[in-house]
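S.K.: Pasting a predicted model and its sequence here:
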Amino acid sequence: MANERVRLLVRGIVQGVGFRPFVYRLACKKELCGWVRNTTSGVEIDIQGEAEQIESFLSDLPRLKPPLACIEEVQRSALPLSERREFEILDSALQAEQEAVMLPDTATCGECLKELFDPGNRRYLYPFITCTVCGPRYSIAEGLPFDRVRTSMRLFKMCPQCLFEYRNPADRRFHSQTNSCHECGPHMELWAADGSLLAERGEAFKLAAGALREGKILALKGVGGFQLLLDARNGEAIETLRRRKNRKDKPFAVMLKDITAVRELCELEEQELKELVSAAAPIVLLRSKENSRLLSRGVAPGIGLSGIMLPYSPIHHILMRELDFPLIATSGNVSDEPICSDEREALQRLGAIADLFLVHNRPVVNGLDDSVVRVMAGSSTVFRRARGYAPLALPAGKNVTGSSILALGGHLKNTIALVKGRVVHLSRHLGTLESTKAYETFEEEALKLAAWYGVKPALVVCDKHPDYYSTRHAEALALGTKRVQHHYAHVLACLAENELRPPALGVAFDGSGYGLDGTVWGGEFLLLDEKAQIKRVGSLRPFRLPGGEQAVEEPRRAALGLLFARFGEKLFQGQVRGRVLDWLSQAFSSEERLIFLRMLKQGVNSPLCSSVGRLFDAVAALSGVRQRCNFEGQAAMELESLALARGELETHLEAYPSRIAHAAAVLYFEWDLLLDRLLEDAMDLRPAAVISLRFHCGLAQGILEMAQSIGQERVLLTGGVFQNKFLLERTINLLEKNGFKPAWHHLVPPNDGGVSFGQAVAAAWGVV
């Protein structure tokens, strides 16, 4: 006889992961009666039976949960006994208060892969095979709770066999909301560039594979939108893609068939292997092996890294099965536009790029790029948070103010964050807000995020830069608006992500951010007190950037500004060392030198900057690595590649010296000695790799010396510059050896993709 009945509300990642079928089977095993259902707050469970069995159920619930589930909280309340004698799964309950969270899309699981390539299985080579633990979630979701009626799979009615699986408690597709098969699910088609049908289903894959062998560019509609695919060995095809996509040098990601192929191409550490085969299945940045002939040099020119991914969806597995070579797999968009997700729209936006279109008829509700991850200092850091990670919620880090807050991020690598209760919902990667299409996607995402969680934000947070589109949009919303300084947001994001409490010293190194004094910041030492109030206590010594933002594309300008700050007008009067004059005459015409001298002397369109990103640019230019960039961060990436390669050979090289100077308001990280030694090496024709290595080591040493001068034990390393593996690991090592406790990013990007999270934290903690 039943002697106890309890109601449980389970919060966390408990929808779309097979949690209700798991609860059903566990309750039946314990001989309990009752029900389970999805709600907008999580999963609700009503169980009745012997008290001992109920306690056993509660003990096994977190221990035996599905692998993708994450239980954050279980609320328990007692109820009077009922007449119910069985256990069942009820329809979802919709409530006004929305607290459930959405699971990201996940890679095809091992069980589904076995079925996919089993000729005797009814889902043999079915491109949309999925189950309760794998497949699309966020990309097809129209709302919460995660039920088929609120996904784009609602357009496909299950056939009798699929419906039987869905209703059968013994089947692993029991209550799988994405269940389908060849008979009743979506299907593939191959289109010509004009949209005319060339082939369907299996034949579409065969013809697409044949086109790739011939060097054609294929636009593939995958899980979260379109990718552009082509033979990664074919240099001519790669040049065609670069020309059509307006992407001159920026590296392309590569999809390889299996781990064996990865090991042939790249160095592979254990943690990197784990990331490649994880449920998130991101692009992982790996060290390329020298002299590998698997890829054309045009894939990642000048960079010793390869962005590698494995097939993660049934579509990719089937296509790669037809091929015996690596594929470039890059976002299906025009440069600076969001990823394309609709096949008809793709014909318009990608028609001038792709030769063929391999598409399907399952709508993509939420477009998703591939995520990008790099393993640094023994752990993984997400650089681009999209498929496999978004839109997972993150803890806000401490007690929050209670208001619903919308944070709109920055201009580059934009993301949006929503604070509700104790968590921050961080959006997918949206990209640079440059184009009209990007603006539209940004505005749609802000509305969608609030609607999904039933929130009307009481406060909107944005960057202090007055000209960012996200800032102007915040003002246009006519709600309460707060502005958070760019680097403050970086530091708070790092602190909160690591669930640390202040005080701490934040080291925020990036390209540029609007400074509180009107200058361009990017090399900041920010001290957080016990109440998380931030004070700028140190900075890279500023220098001028002739041409302002144009200097981002021309490292030679940053170098000129640095030299002018060091030598003044002597630079243009032949009174400096010969190597500098040689460089100056090679990098600038005589007319340019006159113009830039006037700009620098008068401070016209030459803002002061303390940016470490621009310091990297200057070093790249002066060492002969690069005078002009074709994509953001190119010079710094090339410098890091040189340092990584050289660092293994010449660990004895002396770091460039720096010094700490006391100014009225801040400590200055002085670069004059560093520059002098660099110029000596350049004059002696030392290799650029040696200069890069000594520069990296000098920068890390300077961070340590600043930390020692400031005296705060906890040090937070944040900002886009700390995507540099060599610099991050060198800095961590020096800090730890000298008694400091460094922390860095993992799930929140260190670049501007993490700014919205930091803005949200600042507002939630009431520090703005």
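M.R.: Sure thing, it's come through. Numbers count the residues shown, from 1 in each chain.
S.K.: only C-alpha atoms for contact and neighbour calcs from this point on.
M.R.: Fine.
S.K.: Next, the buried residues of stretch 515-530.
M.R.: Buried positions in stretch 515-530, judged by neighbour count with 16 or more other C-alpha atoms under 10 Å: 515, 519, 520, 521, 522, 523, 524, 525, 526, 527, 528.
S.K.: May I have the phi/psi pair for residue 188?
M.R.: Note on residue 188: backbone dihedrals following degrees, to the nearest 10 are phi -100, psi 150.
S.K.: Grab the nearest non-local neighbour of it.
M.R.: residue 360 (4.4 Å; C-alpha to C-alpha, 6 or more residues apart in numbering).
S.K.: hang on, the earlier thing: redo the buried residues of stretch 515-530 as TSV? Include pLDDT, secondary structure and distance to residue 219.
M.R.: Compiled in TSV, the buried residues of stretch 515-530 are given as follows (pLDDT from 0 to 100; DSSP: H, G, I helix; E, B strand; the rest coil; distance: C-alpha to C-alpha, whole Å):
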residue	pLDDT	secondary structure	distance to residue 219
515	93	coil	42
519	94	coil	43
520	95	strand	40
521	97	strand	40
522	97	strand	38
523	97	strand	41
524	98	strand	43
525	98	strand	45
526	98	strand	45
527	97	strand	48
528	96	strand	48
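S.K.: Between those residues, which sits nearest residue 30?
M.R.: residue 528 (51.6 Å; C-alpha to C-alpha).
S.K.: The closest one contacts residue 507, correct?
M.R.: No. Judged on C-alpha atoms under 8 Å, residue 528 makes no contact with residue 507 at a distance of 11.0 Å.
S.K.: residue ranges with poor pLDDT in the stretch 501-650 of the chain?
M.R.: 574-578, 647-650 (pLDDT under 70).
S.K.: ranges for the strands of it?
M.R.: Applying DSSP state E, counting those that start in this stretch to the stretch 501-650 of the chain gives strands spanning 504-514, 520-528, 534-540, 543-544, 608-609.
S.K.: Now tell me what touches the last one from outside.
M.R.: It stands for strand 608-609. With C-alpha atoms under 8 Å, 6 or more residues apart in numbering as the test, strand 608-609 has contacts from 512, 519, 520, 521, 522, 542, 543, 544, 545.
S.K.: cool, the longest one as well?
M.R.: With contacts defined as C-alpha under 8 Å, 6+ apart, strand 504-514 is touched by 464-465, 485-487, 490-491, 520-529, 609, 611-614, 707, 712-722, 751.
S.K.: Kindly export the lowest-mean-pLDDT helix or strand in the chain (C-alpha atoms) in PDB.
M.R.: Of the helices and strands making up the chain, the lowest-confidence element is helix 578-587, at a mean of 82, by mean pLDDT, DSSP states H and E. What follows is helix 578-587, C-alpha atoms only, in PDB (Å, rounded to 0.1, in the frame of the first residue of the first chain):
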ATOM      1  CA  GLY A 578      69.300  53.100 -39.900                       C
ATOM      2  CA  ARG A 579      67.100  50.000 -39.600                       C
ATOM      3  CA  VAL A 580      64.200  52.200 -38.500                       C
ATOM      4  CA  LEU A 581      64.700  54.600 -41.400                       C
ATOM      5  CA  ASP A 582      64.900  51.700 -43.800                       C
ATOM      6  CA  TRP A 583      61.600  50.400 -42.500                       C
ATOM      7  CA  LEU A 584      60.000  53.800 -42.600                       C
ATOM      8  CA  SER A 585      61.000  54.300 -46.200                       C
ATOM      9  CA  GLN A 586      59.700  50.900 -47.200                       C
ATOM     10  CA  ALA A 587      56.400  51.100 -45.300                       C
END
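S.K.: Can you point out the buried residues in that helix?
M.R.: Result for helix 578-587 [16+ other C-alpha under 10 Å]: buried residues 579, 580, 581, 583, 584, 587.
S.K.: So which elements touch that helix?
M.R.: helix 672-683 (3 or more C-alpha pairs under 8 Å, 6 or more residues apart in numbering; DSSP states H and E).
S.K.: picking that back up, is it true that the residue nearest to residue 188 touches residue 191?
M.R.: No. Judged on C-alpha under 8 Å, residue 360 makes no contact with residue 191 at a distance of 10.4 Å.
S.K.: Going through the contacts of strand 504-514, which ones are buried?
M.R.: The neighbour count (16+ other C-alpha under 10 Å) marks 464-465, 485-487, 490-491, 520-528, 609, 611-614, 707, 712-722, 751 as buried among those.
S.K.: For residue 514, list each beta-bridge partner.
M.R.: Per DSSP bridges, the residues bridged to residue 514 are residue 520.
S.K.: Tell me how far it lies from residue 468.
M.R.: Applying C-alpha to C-alpha, to the nearest Å, one obtains 10 Å for the distance of residue 514 from residue 468.
S.K.: How about residue 384?
M.R.: For residue 384 relative to residue 468 (C-alpha to C-alpha), the value is 20 Å.
S.K.: more neighbours, the two?
M.R.: Comparing residue 384 with residue 468 by other C-alpha atoms under 10 Å, the one with more neighbours is residue 384, at 30 against 18.
S.K.: now the buried residues of stretch 515-530 in a markdown table, with distance to residue 738?
M.R.: Listed next are the buried residues of stretch 515-530 as a markdown table, based on distance: C-alpha to C-alpha, whole Å:
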| residue | distance to residue 738 |
| --- | --- |
| 515 | 31 |
| 519 | 33 |
| 520 | 31 |
| 521 | 27 |
| 522 | 25 |
| 523 | 22 |
| 524 | 21 |
| 525 | 18 |
| 526 | 20 |
| 527 | 19 |
| 528 | 21 |
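S.K.: any idea which of those is closest to residue 152?
M.R.: residue 522 (43.2 Å).
S.K.: what's the closest one in contact with, if anything?
M.R.: By C-alpha under 8 Å, 6+ apart, residue 522 lies in contact with 487, 508, 509, 510, 511, 512, 513, 609, 610, 611, 612, 613.
S.K.: for residue 381, same thing?
M.R.: By C-alpha under 8 Å, 6+ apart, the contact set of residue 381 is 373, 374, 375, 745, 746, 747, 748, 749.
S.K.: Figure out the helix or strand that the second one lives in.
M.R.: Just to be clear, that refers to residue 374. Using DSSP states H and E, residue 374 maps to strand 372-376.
S.K.: Go ahead and name everything in contact with that strand.
M.R.: 271-272, 275, 282-286, 307, 380-385, 725, 728-729.
S.K.: For it, list the C-alpha coordinates in PDB.
M.R.: C-alpha atoms of strand 372-376 as PDB (Å, rounded to 0.1, in the frame of the first residue of the first chain):
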ATOM      1  CA  VAL A 372      35.200  27.400 -32.000                       C
ATOM      2  CA  VAL A 373      37.200  26.000 -29.100                       C
ATOM      3  CA  ARG A 374      40.900  26.100 -28.200                       C
ATOM      4  CA  VAL A 375      42.600  24.100 -25.400                       C
ATOM      5  CA  MET A 376      44.900  26.300 -23.400                       C
END
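S.K.: which stretches of the stretch 251-400 of the chain aren't confidently modelled?
M.R.: Those would be 291-292, 398-400, if you go by pLDDT under 70 across the stretch 251-400 of the chain.
S.K.: what about the helices in it?
M.R.: For the stretch 251-400 of the chain, the helices defined by DSSP state H, counting those that start in this stretch occupy 259-265, 270-276, 314-321, 343-349.
S.K.: Most tightly packed of the ones you listed?
M.R.: Greatest average neighbour count among those goes to helix 314-321 (a mean of 20), per mean count of other C-alpha atoms under 10 Å.
S.K.: Would you agree residue 729 is in contact with residue 379?
M.R.: No. Assessed by C-alpha under 8 Å, residue 729 is found out of contact with residue 379, at 10.8 Å.
S.K.: neighbour count winner among the two?
M.R.: More neighbours surround residue 729 than the other of residue 729 and residue 379, with 16 against 11 (other C-alpha under 10 Å).
S.K.: For the more buried one, which non-adjacent residue is spatially closest?
M.R.: Using C-alpha to C-alpha, 6+ apart, the nearest residue to residue 729 is residue 377, at 5.4 Å.
S.K.: Enumerate every residue touching that neighbour.
M.R.: Neighbour list for residue 377: 725, 728, 729, 732 [criterion: C-alpha under 8 Å, 6+ apart].
S.K.: ok, these vs residue 6, which is closest?
M.R.: Closest to residue 6 out of the contacts of residue 377 is residue 732 (49.5 Å), distances taken as C-alpha to C-alpha.
S.K.: Alright, calling it a day.
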